[in-house]
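Enquirer: no letters, just coordinates:
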């Protein structure tokens, strides 16, 4: 959501108001359009009326936005350089400025480092897995089949809308060993499944598997929309030139899909970098901290009452998100 | 499982396809792709299996749920888990809380975001650009950043453990403004001028002329907001501290990690109660839902 909406917003932003504002500002008092006519005074009062109405419409949003979004953003930056604790809630002026201590404290904490490594693991394996599944499903639904397309699309999308908490509760049963559905199915093929959530080597793969299952539907829908923009004629021309299906996918579909891919990559990465509910419900960060993530660790510090430290950690997540997003834009834009 | 389906779909039929040039015919003839249907069907079953198992499991007794290997159909289906859920564990209250919060949050977003969206799209006023930049700038900021100070703010306002504490911070969203503004930009400006010529007041024009035309955008925003609120977890987890303020995900998460964590049937019934209502809403509105995702890219 964020990345694309941001760019679209700024690209259309300056365009729209200009036809309205520019002439109005150049000759204030005279008529607004070319042939509107009307006395200068009437137009002036009409503009004032318009401005007043606009502010009446804007005020409720702006108040709520200032209180619950803008102020907390600024406040959290401030809090991250103080030693604010839960007990300071009632005495906001008793906190001390500690500079970057919270950041260095977080970065030198072995548990936070473990959490950062786990989050990186989750993102680096989970995002490609999710995108490959989504792209495979989208291509199959777009070009491969002609019937029941809506049924498959609906089914694949279903996990997306469900509560992560509820899904995590169900998956905890599916992943049980022995007796879980997943290991039972693996057993049909002679595979002895691991003790997924009990084994530090398998707990993170289990969470990744669940995240891919739950999230590939969103990416699939966006890929499908992108694929529909690929003209069929291009495929036919390439086929006549003797390109096989893989080559056509690689050299016709993929280049045209690049903007969609960028968008899906960025939004999925942003979501996965904040992974929280899965470890909360399924593993509590265990076993042996093998599934503790940065968001989960931040929540823990918040729970211990270390508000300053938790704010610093949340800003670290934000910085990483910003860097990763910028990098992805760079990498995928360059070649277009 | 479906990883390797991507390159394959068209490998089978390069010859016939090149010959057939109708633009809708790229997907070759039916029947020749039966294997793809098989793969997709297996994938579909794998994707929905957890839901099926959850619903079936919620009618099973404890003994059956601990059986190895697991069963699909319940031996003696019963509603015991559900009666316990609503009598002993107060899930009726959690359900009501979830509904109230989601409805208020959705209503707030529909009203406030469309108001500002309209002002930004069609009206000219001082400070317009500043508002636009501020709102769009926060679209990028992840929720975890505002979380701690928001908690402090709500705590200082005495709203911890109250329903307003649960919904107030979510009454407006930058995304909602963006969606509404983009949609209203696409409406003809003549509507505004026509309304003025007819002598309608500015607010009346918004309410009577513009808003009725915003149906599709309002529907998308409404569905996505309701869904987001229903599934929201972290905020209600810290704000709802006494049981009668829990929302469904909070109750389920706390029970599943607390003393009831070994009562499998109860947890499955709880998960069903969280998932099924939203699934029904989804099935009713699925077309709009999916269009909304494709155009906005929001989950």
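Expert: Happy to help now that I have it. Computed from a prediction, not measured in an experiment: that's the story for all the values here.

Enquirer: spit out the contact partners of the nearest residue to residue B:104 once chain neighbours are set aside.
Expert: The shortest distance from residue B:104 to any non-neighbouring residue, by CB to CB, 6 or more residues apart in numbering or on different chains, is to residue B:167 (4.6 Å). Backbone N, C-alpha and C define where each C-beta goes, glycine included. Residues touching residue B:167, when contacts are defined by CB atoms under 8 Å, 6 or more residues apart in numbering or on different chains, comprise B:100-101, B:104-105, B:108, B:229.

Enquirer: now the buried members of those residues.
Expert: By neighbour count, with 16 or more other CB atoms under 10 Å in any protein chain shown, the contacts of residue B:167 hold B:101, B:104-105, B:108, B:229 as buried.

Enquirer: stretch B:241-251 spans what distance, first to last residue?
Expert: 11 Å (CA to CA, to the nearest Å).

Enquirer: what about the stretch 51-200 of chain A, any weak spots by pLDDT?
Expert: Applying pLDDT under 70 to the stretch 51-200 of chain A flags the ranges A:92.

Enquirer: tell me how many other residues crowd the residue of it found nearest chain B.
Expert: Relative to chain B, the nearest point of the stretch 51-200 of chain A is residue A:53 (3.2 Å; CB to the nearest CB). Using other CB atoms under 10 Å in any protein chain shown, residue A:53 has 20 neighbouring residues.

Enquirer: repeat that for residue A:310.
Expert: Around residue A:310 there are 28 other residues, counting by other CB under 10 Å.

Enquirer: go on, the one 10 residues further on?
Expert: Counted with other CB under 10 Å, the neighbours of residue A:320 add up to 18.

Enquirer: any idea how far the closest residue to residue A:98 other than its chain neighbours is from residue A:270?
Expert: Once flanking residues are discounted, residue A:98 sits nearest to residue A:83: 5.0 Å by CB to CB, 6+ apart. From residue A:83 across to residue A:270, the span is 30 Å (CB to CB, to the nearest Å).

Enquirer: quick one, which of the two is more surrounded?
Expert: residue A:270 (20 against 17).

Enquirer: list the buried ones in the helix or strand where that one lies?
Expert: Assessed by DSSP states H and E, residue A:270 sits inside helix A:254-273. The neighbour-count check on helix A:254-273 (16+ other CB under 10 Å) flags A:257, A:260-273 as buried.

Enquirer: could you chop the chain up by domain?
Expert: This is for chain A. A:26-71, A:103-334 (automatic domain parsing).

Enquirer: switch to chain B, that's the one I care about
Expert: If you go by automatic domain parsing, the domain ranges for chain B are B:3-78, B:86-296.

Enquirer: can you get me a residue count around residue B:198?
Expert: 10.

Enquirer: measure it to chain A for me?
Expert: The gap separating residue B:198 from chain A is 14 Å, by CB to the nearest CB, to the nearest Å.

Enquirer: in chain B, what helix or strand scores lowest on average pLDDT?
Expert: Counting by mean pLDDT, DSSP states H and E, chain B has its least confident helix or strand at helix B:14-19, which shows a mean of 38.

Enquirer: sorry, back to before: pretty sure the residue nearest to residue A:98 sits against residue A:94.
Expert: No. The criterion here is CB atoms under 8 Å, and residue A:83 misses it with residue A:94 at 9.7 Å.

Enquirer: the residue in the stretch 151-299 of chain B positioned nearest to chain A: neighbour count?
Expert: Residue nearest to chain A within the stretch 151-299 of chain B: residue B:202 (3.2 Å; CB to the nearest CB). Counted with other CB under 10 Å, residues neighbouring residue B:202 total 22.

Enquirer: whatever helix or strand residue A:320 lives in packs against which elements?
Expert: Counting by DSSP H and E, the element that carries residue A:320 is helix A:307-334. Secondary-structure packing of helix A:307-334 (3 or more CB pairs under 8 Å, 6 or more residues apart in numbering or on different chains; DSSP states H and E): helix A:2-12, helix A:71-79, helix A:101-108, helix A:254-273, helix A:294-303, helix B:143-156.

Enquirer: and it, how far from the chain's centre?
Expert: 12 Å (CA atoms, centre = their mean, to the nearest Å).

Enquirer: and the residue of the stretch 151-299 of chain B closest to chain A, what pLDDT?
Expert: Note on residue B:202: pLDDT of 83.

Enquirer: same question, residue A:18
Expert: pLDDT, residue A:18: 33.

Enquirer: with residue A:44 instead?
Expert: Confidence score, pLDDT, at residue A:44: 76.

Enquirer: state the helix or strand in which it lies.
Expert: Using DSSP H and E, residue A:44 falls in helix A:40-65.

Enquirer: tell me what that helix is packed against?
Expert: helix B:114-122, helix B:128-137, helix B:202-204.

Enquirer: how about those helices in TSV, adding distance to residue B:34?
Expert: Putting those into TSV (distance: least, CB to CB, whole Å) gives the following:
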stretch	distance to residue B:34
helix B:114-122	49
helix B:128-137	49
helix B:202-204	60
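
Enquirer: low-confidence regions, the stretch 1-150 of chain B specifically.
Expert: Using pLDDT under 70, the stretch 1-150 of chain B drops low at B:1-32.

Enquirer: mind doing that once more with 50?
Expert: Residues of the stretch 1-150 of chain B meeting the criterion pLDDT under 50: B:1-31.

Enquirer: tell me which stretches of it form helices.
Expert: B:14-19, B:34-57, B:62-65, B:80-87, B:91-108, B:114-122, B:128-137, B:143-156 (DSSP state H, counting those that start in this stretch).

Enquirer: quickly compare those and say which is most buried.
Expert: Counting by mean count of other CB atoms under 10 Å in any protein chain shown, helix B:114-122 has the highest mean neighbour count of the helices of the stretch 1-150 of chain B, with a mean of 25.

Enquirer: helices or strands up against that one?
Expert: helix A:40-65, helix B:128-137, helix B:174-185, helix B:215-231.

Enquirer: contacts for that helix?
Expert: By CB under 8 Å, 6+ apart, helix B:114-122 touches A:16, A:53-55, A:57-58, A:60-62, B:125, B:128, B:131-132, B:135, B:176-185, B:187, B:189, B:192, B:206, B:210-211, B:214, B:217-218, B:221.

Enquirer: how about the helices in the stretch 51-200 of chain A?
Expert: Per DSSP H, counting those that start in this stretch, the stretch 51-200 of chain A has helices spanning A:71-79, A:101-108, A:110-139, A:149-157, A:164-174, A:181-188. These are given in chain order.

Enquirer: would you turn the ones you listed into CSV with distance to chain B and mean neighbour count?
Expert: Listed next are the helices of the stretch 51-200 of chain A as CSV, based on distance: least, CB to the nearest CB, whole Å; neighbours: other CB atoms under 10 Å in any protein chain shown:
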stretch, distance to chain B, mean neighbour count
helix A:71-79, 4, 18
helix A:101-108, 12, 17
helix A:110-139, 4, 21
helix A:149-157, 5, 18
helix A:164-174, 4, 25
helix A:181-188, 5, 16
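
Enquirer: thanks a lot, catch you later.
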